[in-house]
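Chemist: sharing a model that was predicted from the sequence below.
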Amino acid sequence: MSFRFETILRMNKNKEDLLQRDMGQINAMIQKQKDSQHFMREFTENIKDELNQKKRQDVDVNTMILYDNFFRGTQVHKTRQDKIISEITLKLEVKRAEVVEAMRNRKTLEILKDRNILKERELRAKKDLAIQDENASNLWGRKGI
């Protein structure tokens, strides 16, 4: 005999695998956005150092305006990156909940399958014992004659 919910169990395993793959892709997106944010932070620090060196020399107003525009742009970029990371993190949490639910469903079916296998073994053992008892009884009956 086979487990009657085997197909559903396989489907749940496949669904769980797909959800975990999706969650991995979301994690990769978050990491990519954080790497971009880190790069911009380092780049901005380097530009600040460059500006501080130029301030020690004569700097014209146009150059200062250019740096000011750059720093405003990096601030806008940082704000946008924070928003993107926040949105992706929310998607990750939703996907994580889906994965947990899929794992729970799969585990439930695996427990049912294990119980079914154990029940089949016990039933088979009882049948084997009954056959052995019948054979022993028949053998004893023949020797008694």
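Modeler: It's in.

Chemist: just the pLDDT for residue 105.
Modeler: Here the pLDDT value assigned to residue 105 is 93.

Chemist: now residue 96
Modeler: On the pLDDT scale, residue 96 gets 95.

Chemist: what's around residue 14, how many residues?
Modeler: By other CB atoms under 10 Å, the residues close to residue 14 number 12. Glycine gets a C-beta too; all of them are placed from N, C-alpha and C.

Chemist: pLDDT value on it, please?
Modeler: On pLDDT, residue 14 comes in at 95.

Chemist: for the residue nearest the centre of the chain, what are its contacts?
Modeler: Among the residues of the chain, the one closest to the centroid is residue 20, at 3.9 Å (CA atoms, centre = their mean). Counting by CB atoms under 8 Å, 6 or more residues apart in numbering, residue 20 makes contact with residue 99.

Chemist: tell me which helix or strand it sits in.
Modeler: helix 6-56 (DSSP states H and E).

Chemist: next SSE downstream of that helix?
Modeler: helix 61-143.

Chemist: orientation of that next one relative to helix 6-56 in degrees?
Modeler: 160 degrees (axes from the mean of the first three to the mean of the last three CA atoms, to 10 degrees).

Chemist: what is helix 61-143 packed up against?
Modeler: In this structure, helix 61-143 makes packing contacts with helix 6-56, judged by 3 or more CB pairs under 8 Å, 6 or more residues apart in numbering; DSSP states H and E.

Chemist: just checking, residue 44 touches residue 71?
Modeler: Yes: taking contacts as CB atoms under 8 Å, residue 44 lies within contact range of residue 71: 7.1 Å.

Chemist: next, count neighbours for residue 102.
Modeler: Neighbours of residue 102 using other CB under 10 Å come to 19.
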